[in-house]
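1. with the input below, show me the fold.
(chains A, B, C and D)
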There are 2 protein chains.
Amino acid sequence: MQTLNILIADDHPIFLKGLKEVIETEEECKVVMQAVNGQEAVFALKTNRIDVAVLDIDMPRMNGLEAAQKMLEFQPQLPILLLTMHKERAPFMKALEIGIAGYVLKENAVTDVVNAIYAVVQGGNYISPEMSAYLLRKPAKTIKPVPDDKLSLLTSSERQILQKISMYKSSREIADELFISEKTVFNHRMNISKKLNLTGKNSLLRFAIEHVSTPDT
Amino acid sequence: MQTLNILIADDHPIFLKGLKEVIETEEECKVVMQAVNGQEAVFALKTNRIDVAVLDIDMPRMNGLEAAQKMLEFQPQLPILLLTMHKERAPFMKALEIGIAGYVLKENAVTDVVNAIYAVVQGGNYISPEMSAYLLRKPAKTIKPVPDDKLSLLTSSERQILQKISMYKSSREIADELFISEKTVFNHRMNISKKLNLTGKNSLLRFAIEHVSTPDT
DNA sequence: TAAAATATGGGTAGTACTACCTATAAAAAT
DNA sequence: ATTTTTATAGGTAGTACTACCCATATTTTA
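-> Modelled structure (predicted):
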């Protein structure tokens, strides 16, 4: 295998330096570009031949996810490795959408990055074992902590209206669909809000979006 | 280990029968409920003690994902195994959100289901190797071909505001956070809406929720 | 059977956002 | 150097929803 040209990006200079040294422990790996934010990384890609990009997710100006997206638009086959401090679900999902080749936790970086790099340059993929273990753990309920408990307080009419609210329908539309007065819909909304202790403008819409299972998305 | 009470659901009776026999090859496994659609499966759960649920995704009346969601509302710790014919990204992402314990391709079902069942009842997880391999392959661009196109029309100020909108913040709150006039926020909102061809009450909020990656949920 | 919850609808006031208008200064693009 | 875009902010009108008030008929619960 010939030498791998590697781009790394992280907003913490010390981590960046450490990362570079860990990577260059390998004979075949050479860090040819270092960026301190996403914008720099994207720009750097356009001015160099890069075989692998290793990006931190949490960066100012442009985060790793955005940067990765831009980089893949420019060089679709580029294997990108994302580094992150946090075991969070949302950014990982985003990374899946974008088409990231590897996802490594910073805490495991020293042991994982090199393995990950070799995995992705060969067209494979790599996810930190701790991350994948976390991802499929139960608490995907972060969004809905008390789902049925609260929903069971509602009557079927109220549930029906909540369901239509979750589809971004206006009270006028709901009224027309159910052949009732718009006023009745308002009253139902108020009753639902009171039962669920919701106040303020979009609180009911928000609850509906987060708690009502939409038939098909 | 004592006998596992298993619920299976699939709309094809022949597959259902085959699945049952494959599962019951194991001494410890007993299929105590069979459902031909999601609704039945959810109902069945409420009338029986179930240790593991194995659901097909593509079912009439209520699909496996919806059914799984309902079932977890009722019995949050239930290990659910989803079966699917297709290596698609979207339903898998949905499954991740819901909190599914295992994801098995039908083509590998015979060899995988039993392993998967044992994995999930022990609190672990299981994904068909072919599926996980596919997920991290390049062409994630097939799903959202023009996502960034639209977002890239926006200026950074507009993006910042969009991000705050997605967090259900009011224009007043956004204005205070950015030390600008509420009026300016309104103007930005209008400009964003015009750029994205959005009209009507909650269309901007909807767009924000659906297109802006929220930092941590 | 009496009381409570539910579904229906009306009134009034206030808030938040949309949808248009205008305007100015700074920055970016041509 | 001129034009365009961006960010700022104000005005006005209308719409949609919230948050209260009220009433009545039906259904459910106690």
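
2. ok, residues contacting whichever strand or helix holds residue A:41?
-> Element membership for residue A:41, per DSSP states H and E: helix A:38-47. Residues from elsewhere that reach helix A:38-47 (CB atoms under 8 Å, 6 or more residues apart in numbering or on different chains): A:7, A:9, A:33, A:35, A:50, A:53, A:55, A:59, A:61-64, A:66-67, A:70-71, A:74-75, A:78. The C-beta positions use only the backbone N, C-alpha and C, and glycine is treated the same way.

3. ok, now with 7 Å
-> A:7, A:9, A:33, A:35, A:53, A:55, A:59, A:61-64, A:66-67, A:70-71, A:74-75 (CB atoms under 7 Å, 6 or more residues apart in numbering or on different chains).

4. now, of these, which are buried?
-> A:7, A:9, A:33, A:35, A:53, A:55, A:59, A:62-64, A:66-67, A:70-71 (16 or more other CB atoms under 10 Å in any protein chain shown).

5. for the biggest helix by length in chain A, C-alpha coordinates in CSV please.
-> The residue-count maximum for a helix in chain A (DSSP state H) belongs to helix A:182-196. Taking Å, rounded to 0.1, in the frame of the first residue of the first chain, the C-alpha atoms of helix A:182-196 are listed here in CSV:
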residue,chain,number,x,y,z
GLU,A,182,-63.5,25.4,14.6
LYS,A,183,-64.5,26.6,18.1
THR,A,184,-64.9,23.0,19.2
VAL,A,185,-61.5,22.2,17.9
PHE,A,186,-60.1,25.1,19.9
ASN,A,187,-61.8,23.8,23.0
HIS,A,188,-60.4,20.4,22.5
ARG,A,189,-57.0,21.8,22.0
MET,A,190,-57.3,23.7,25.3
ASN,A,191,-58.6,20.6,27.1
ILE,A,192,-55.7,18.6,25.8
SER,A,193,-53.2,21.3,26.8
LYS,A,194,-54.7,21.4,30.3
LYS,A,195,-54.5,17.7,30.7
LEU,A,196,-50.9,17.6,29.5
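
6. same for the helix or strand following it, what does it pack against?
-> Following helix A:182-196 in sequence order, the next helix or strand is helix A:203-211 (DSSP H and E). Contact partners of helix A:203-211 among helices and strands, from 3 or more CB pairs under 7 Å, 6 or more residues apart in numbering or on different chains; DSSP states H and E: helix A:156-166, helix A:182-196.

7. helix A:203-211 near DNA strand C at all?
-> No. Under the criterion of CB under 7 Å from any atom of the strand, DNA strand C is not reached by helix A:203-211; the shortest gap measures 10.6 Å.

8. who does the strand or helix carrying residue A:104 pair up with?
-> Using DSSP H and E, residue A:104 sits within strand A:102-105. Strand A:102-105 has the following strand partners under DSSP bridges: strand A:80-84 (parallel), strand A:126-127 (parallel).

9. on that earlier part again, now the longest helix of chain A against helix A:156-166, angle please.
-> 100 degrees (axes from the mean of the first three to the mean of the last three CA atoms, to 10 degrees).

10. report the beta-bridge partners for the closest residue to residue A:128 other than its chain neighbours.
-> Among residues not flanking residue A:128 along the chain, residue A:105 sits closest, at 4.3 Å (CB to CB, 6 or more residues apart in numbering or on different chains). Here residue A:105 shows beta-bridge partners residue A:84, assigned using DSSP bridges.

11. need the contact list for residue A:105.
-> Counted by CB under 7 Å, 6+ apart, residue A:105 has contacts A:84, A:87, A:128, A:130, A:131.

12. tell me which residues touch the last one, please.
-> When you say that, I think you mean residue A:131. So residue A:131 contacts A:87, A:103, A:105 (CB under 7 Å, 6+ apart).

13. count the neighbours of the first one for me.
-> Using other CB atoms under 10 Å in any protein chain shown as the criterion, residue A:87 is surrounded by 16 other residues.

14. which SS class is it?
-> Three-state call for residue A:87 (DSSP: H, G, I helix; E, B strand; the rest coil): coil.
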